[in-house]
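Colleague: Quick one, fold the following:
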Amino acid sequence: MKVTFESVSNAETEVIIRGEIGSPDVDVLLEFIKSRNVGATKKLVLYKEDEQFLFDPSEVVYVEVADNKVKVFTDEESFDSKKKLYELKEMLVSESFAQINKGTLVNIDFVKSVQAEFSGNYTLRLKNRKEILTISRKYFKEFKNQL
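Modeller: Got it, this is the predicted structure:
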């Protein structure tokens, strides 16, 4: 792969990719560029069966890894994500999301209550959902800083 940089003053940043459009290298580059596009409105592409859905990050209640699959939960439904948890965390860093344990990100705006447990962990209740999530001791400080 050949990389060329060209300095141009007072111009918008432009990326040109030359080569075979369907190659895996091009797909990886495009995904990387899309994930780093700071000025763009970030939409999450989520999947349910054979359909793709676009969501604003603010519509997501929490994200959880279960059976090596990343599940994204909204108020009413759950969807699959093809991104890994750490990739979603990077995308949602400017949003009001916090990692609460090894496999879960939660949208702070949907937190109803937090209660301490005897073990040192915390339980978290969500608005409009019945699930009770666990905040591990390791991630509690990050959670608290997001409040």
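Colleague: what about the residue positioned nearest the centre of the chain, helix or strand, and which?
Modeller: Nearest to the mean C-alpha position of the chain, counting by CA atoms, centre = their mean, stands Leu88 at 2.2 Å. According to DSSP states H and E, Leu88 maps onto helix 85-91.
Colleague: Counting by contacts, list what that helix packs against.
Modeller: For helix 85-91, the packing partners by 3 or more CB pairs under 8 Å, 6 or more residues apart in numbering; DSSP states H and E come out as helix 24-36, strand 62-66, strand 69-73, strand 104-107. Any C-beta I mention is one placed from the backbone N, CA and C, and that applies to glycine too.
Colleague: Need the winner for burial among the ones you listed.
Modeller: Each of the helices and strands packed on helix 85-91 was scored by mean neighbour count; the highest is strand 104-107, a mean of 23, by mean count of other CB atoms under 10 Å.
Colleague: just checking, Phe73 touches Asn128?
Modeller: No. Contact criterion CB atoms under 8 Å: Phe73 and Asn128 do not qualify, at 10.4 Å.
Colleague: Could you pull out the residues contacting both of those two?
Modeller: Val61 (CB atoms under 8 Å, 6 or more residues apart in numbering).
Colleague: Need the helices and strands packed on helix 85-91 in JSON lines (columns: mean pLDDT and distance to Leu124).
Modeller: Formatted as JSON lines, the helices and strands packed on helix 85-91 follow (pLDDT from 0 to 100; distance: least, CB to CB, whole Å):
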{"stretch": "helix 24-36", "mean pLDDT": "75", "distance to Leu124": "27"}
{"stretch": "strand 62-66", "mean pLDDT": "96", "distance to Leu124": "9"}
{"stretch": "strand 69-73", "mean pLDDT": "96", "distance to Leu124": "13"}
{"stretch": "strand 104-107", "mean pLDDT": "96", "distance to Leu124": "7"}
